[in-house]
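K.L.:
here is a sequence together with a model predicted from it:
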Amino acid sequence: MDGSCIDESSTTDSISPTSVSAFPPPTASKSPESPLCRVGSGTSVILDSESGVEAESRKLPSSKYKGVVPQPNGRWGAQIYEKHQRVWLGTFNEEDEAAKAYDIAAQRFRGRDAITNFKPTAAETEEDEIETAFLNSHSKAEIVDMLRKHTYNDELDQSKRNYRIDGQGKQNRNPGGNNVGLSASDRILKAREQLFEKSVTPSDVGKLNRLVIPKQHAEKHFPLQSGSTSTKGILLNFEDITGKVWRFRYSYWNSSQSYVLTKGWSRFVKEKNLKAGDIVSFQRSTGADKQLYIDWKARTGSNNNNPVVCSVQPVNMVRLFGVNIFEIPTTNGNKRTREMEMFSLECIKKQRVFGAL
DNA sequence: ATCTGTGTTGAC
DNA sequence: TCAACACAGATG
């Protein structure tokens, strides 16, 4: 999925030192005999080597914009870094075009809070909201591709048109059901952003009947009004992958200075058979509804003790909106426990969702 | 012949 | 992470 947009040619992990040094580096095709030499194809800077006064460099002009680099021909390149690797976003005639391309990539790669060249800090218009949804409904590779081909704005506009024609006011049908055949606007409306994940502790799945929400995430994503609401708490609705809605009481416990999900949580633990070390993840729709979602997955890595997962056949996992989704091979004629049955159903539903996107 | 964007490095 | 720089390869 992603990754096709990163520098492919750098995947040669073992560079042969011999072949590298085999290339004669100094081309030196310029005209060194002249006191005045024009260098490069783009920035024509006169170099007076005699006086040394002008001593102007042949250096390309650096950009005032983040993620923008000069090209020898006077054009501008845009790039962003991810995972120690440069992702090239294309070349542009105007410096600010390149800067805008960087901004778009930054929003897609780093989220709402990304540092950008132009995007304002606050004042989120509905247009921005649609654009965010558009961004999140496409993979990073797709967005990069649009930027490199200079088709991003066209695609966004097209998407907006679809959204207005058949997206507005449409009720979401069969929640959690088969999503095959979603229109572009539906995909946007259903796009969701990952908020955070937590590996549940023994006490989160124990007798305390509560889940501690790490403070940083709680305050960022589930802000409570100060005063009465924080102690009394509020009710939050989360939809799971099957479309079932879970309602939890969410409040702040002064005694432990913790944000917690209380009433309703133990039922979730029981139904999903959550074990310590399993991961619960929270998402939120990027559409106007701002619907919250909850998902879970078995403990990552290591030998897990979950017999359900262990007994299931090879499981493929795919990443959807930052959520790990399991996919089960359909060929399975064996008897299964009730628990397995339920788990498989769960997976099949997830598989459908995945197939739809 | 021209231009893109990769290889590479060093500063932050 | 980031941009500066050089230039190998891609492109037309």
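P.N.:
Ah, there it is.
K.L.:
point me to the residue of the stretch 1-150 of chain A nearest DNA strand C.
P.N.:
Proximity of the stretch 1-150 of chain A to DNA strand C (CB to the nearest atom of the strand) peaks at residue A:62, 2.5 Å away. Quick note: C-beta positions are derived from backbone N, CA and C, even for glycine.
K.L.:
return the residues of the stretch 151-300 of chain A in contact with DNA strand C.
P.N.:
For the stretch 151-300 of chain A, no residues are found near DNA strand C under the criterion CB under 7 Å from any atom of the strand.
K.L.:
just the strands in the stretch 151-300 of chain A please.
P.N.:
With strands called from DSSP state E, counting those that start in this stretch, the stretch 151-300 of chain A shows them at A:192-199, A:211-213, A:234-239, A:245-253, A:258-261, A:279-285, A:292-297.
K.L.:
pLDDT at the residue of the stretch 101-250 of chain A found nearest DNA strand B, what is it?
P.N.:
In the stretch 101-250 of chain A, the residue that lies nearest DNA strand B is residue A:148 (5.7 Å; CB to the nearest atom of the strand). pLDDT recorded at residue A:148 is 96.
K.L.:
what about it, neighbour count?
P.N.:
Residue A:148 has 17 neighbours, counted by other CB atoms under 10 Å.
K.L.:
correct me, but it touches residue A:90?
P.N.:
Yes. Contact criterion CB atoms under 8 Å: residue A:148 and residue A:90 qualify, at 3.8 Å.
K.L.:
what would the strands of the stretch 151-300 of chain A look like in JSON lines with distance to residue A:79, mean neighbour count and mean pLDDT?
P.N.:
Putting the strands of the stretch 151-300 of chain A into JSON lines (distance: least, CB to CB, whole Å; neighbours: other CB atoms under 10 Å; pLDDT from 0 to 100) gives the following:
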{"stretch": "strand A:192-199", "distance to residue A:79": "24", "mean neighbour count": "18", "mean pLDDT": "85"}
{"stretch": "strand A:211-213", "distance to residue A:79": "37", "mean neighbour count": "22", "mean pLDDT": "94"}
{"stretch": "strand A:234-239", "distance to residue A:79": "38", "mean neighbour count": "16", "mean pLDDT": "91"}
{"stretch": "strand A:245-253", "distance to residue A:79": "41", "mean neighbour count": "18", "mean pLDDT": "92"}
{"stretch": "strand A:258-261", "distance to residue A:79": "39", "mean neighbour count": "22", "mean pLDDT": "93"}
{"stretch": "strand A:279-285", "distance to residue A:79": "29", "mean neighbour count": "20", "mean pLDDT": "89"}
{"stretch": "strand A:292-297", "distance to residue A:79": "33", "mean neighbour count": "20", "mean pLDDT": "91"}
